[in-house]
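Engineer: Fold the following and give me the result.
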Amino acid sequence: MTEINDIYETGLLLDFYGKLLTKSQFDCLDMYCNDDMSLAEIAECLNISRQGVHDFIKRGKAALEEYEEKLGIIARFNETKTKLSEVRTELELTLGNIGDTFSGETVRKAIDNLVKIEAKL
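Structural biologist: You can find the predicted model right below:
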């Protein structure tokens, strides 16, 4: 995984689970991911050692990954986004074809998919 992907994924985990971390872990990860600060800059800002920042980030990332592994909120969120996108595409195609040939079956399928998604939310 590239560093940019790692920072993006850690930032996403932080958005969902950040409040479950200690204040120090959250602050270090927030500055690192969202403010694009170096370890030295974070250390200076928080008046701790660079090694301390590194440790907070390492332990914080591990905790975030464990939360996602156990709870799977981001995985479900991404799955829901994908399904909603599919339903939107179906509806757009259906609406685009209403003038030509109206298919009640296509609309019913799109509505059924929405009902399934709503039940999961």
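Engineer: Quick one: list the elements packing against the strand or helix carrying K58.
Structural biologist: Here K58, judged by DSSP states H and E, is contained in helix 50-71. Contacts defined by 3 or more Cβ pairs under 8 Å, 6 or more residues apart in numbering; DSSP states H and E place helix 50-71 against helix 3-17, helix 23-33, helix 39-46. (C-beta placed from N, C-alpha, C; glycine too.)
Engineer: which one of these is the most hemmed in?
Structural biologist: Sort the helices and strands packed on helix 50-71 by mean neighbour count, taking mean count of other Cβ atoms under 10 Å, and helix 23-33 sits at the top with a mean of 20.
Engineer: Roughly how far does N5 sit from C33?
Structural biologist: 12 Å (Cβ to Cβ, to the nearest Å).
Engineer: How about E105?
Structural biologist: 46 Å.
Engineer: which regions of the protein lie under the pLDDT threshold?
Structural biologist: The model of the chain has pLDDT under 70 over residues 1-2, 95-104, 106-107, 118, 121.
Engineer: Specify the residue ranges that define each domain of this structure.
Structural biologist: Domain assignment of the chain by automatic domain parsing yields the ranges 3-71, 75-120.
Engineer: can you give me the end-to-end distance of the last one?
Structural biologist: This means domain 75-120. One end of domain 75-120 sits 13 Å from the other (Cα to Cα, to the nearest Å).
Engineer: Going forward, count from 56.
Structural biologist: Renumbered: residue one is now 56, and that last one reads domain 130-175.
Engineer: picking up where we left off before, centre of the chain versus the helix holding K113, how much separation?
Structural biologist: Distance of helix 105-126 from its chain centroid, counting by Cα atoms, centre = their mean, to the nearest Å, is 16 Å.
Engineer: so what's I112 closest to, chain neighbours aside?
Structural biologist: Distance criterion Cβ to Cβ, 6 or more residues apart in numbering; nearest residue to I112, sequence neighbours excluded, is C83 at 5.1 Å.
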